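Colleague: let's see this in three dimensions:
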Amino acid sequence: MFNIVQSMKIKDLYFLLGVVALFAPFIFFDRVAAFYMQANIQLPMLMAFLKFSIIAPIGEVIGLRIKTGQYNQPGFGLLPRAVVWGLIGLTIQAAFMIFSTGTPVFLTFLGMPDAPGTLVSAGFSPEKLLVAFSISVFMNLFYAPVMMTFHKITDTHIEQNGGSLKALLRKLPMGEIMQGINWRVQWGFVYKKTIPLFWIPAHTITFLLPPEHRVLFAALLGIMLGVFLAVAAVLGRKAVAG
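Modeller: Below you'll find the predicted structure:
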């Protein structure tokens, strides 16, 4: 533990303190936590946008630290990335609603008639775990690859526009950017490894949580997506160099 602390630079400590300060009010102040819960109920889509635009870019920043040793740099475009993450958060909120509703219905068709009620039941049971796992599998097979690819494309577009907010107003050259993606790494690492080994188990836990906590947990998991994409970028560079 002492060696880990020694290896951390002062900017890493500042970054860690900043993240702690971001979440501390929701943990230590009941009124803040109550306001947050009420806002989730009354304004779920707006809260999804805010949670993802604020929390998920932390993963982008950590990813940049992994790639370059810096938490920010000219052309990185933290603000437009945050906006894109907010928009992705809206699609994730929608995906949660669609797959958490549709998958239990499909399980009913397969012979598990109590599946819809099992997911919303109190406590834990093997049946509830099976339903949550099934939702996670379907969501990560059908939705996650599209979302991850779109995220990669928008990140590249922002970088190509110097990290400016103008990138959000300029035409997104989908075809050109897709041609430049290292699909060996995108498939071999981002899809083939992170989806079955991390995202499916992680989102199984997500769907075991009460509905009001799922999007927040997903936003926290979004931090890991930024880290994974940074690792993929490093692997891509090594593949090119090799």
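Colleague: the helices in the protein, which residues?
Modeller: Listed in chain order, the helices of the chain (DSSP state H) span 2-7, 10-28, 30-42, 44-55, 57-68, 78-109, 115-120, 126-142, 144-160, 174-180, 183-185, 194, 200-208, 211-241.
Colleague: the longest one packs against which elements?
Modeller: Helix 78-109 makes packing contacts with helix 44-55, helix 57-68, helix 115-120, helix 126-142, helix 144-160, helix 211-241 when contacts are defined by 3 or more Cβ pairs under 8 Å, 6 or more residues apart in numbering; DSSP states H and E. Just so you know, the C-beta spots here come from the backbone N, C-alpha and C atoms, and that holds for glycine as well.
Colleague: how about JSON lines for the ones you listed, with mean pLDDT added?
Modeller: As requested, the helices and strands packed on helix 78-109 are exported to JSON lines (pLDDT from 0 to 100):
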{"stretch": "helix 44-55", "mean pLDDT": "92"}
{"stretch": "helix 57-68", "mean pLDDT": "86"}
{"stretch": "helix 115-120", "mean pLDDT": "88"}
{"stretch": "helix 126-142", "mean pLDDT": "96"}
{"stretch": "helix 144-160", "mean pLDDT": "94"}
{"stretch": "helix 211-241", "mean pLDDT": "76"}
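Colleague: and residue 112, how many neighbours?
Modeller: 16 (other Cβ atoms under 10 Å).
Colleague: could you chop this protein up by domain?
Modeller: Structural domains annotated on the chain: 1-42, 44-241, as defined by automatic domain parsing.
Colleague: go through those and pick out the most buried.
Modeller: Comparing these by mean neighbour count (mean count of other Cβ atoms under 10 Å), domain 44-241 ranks first with a mean of 17.
Colleague: all set now, cheers.
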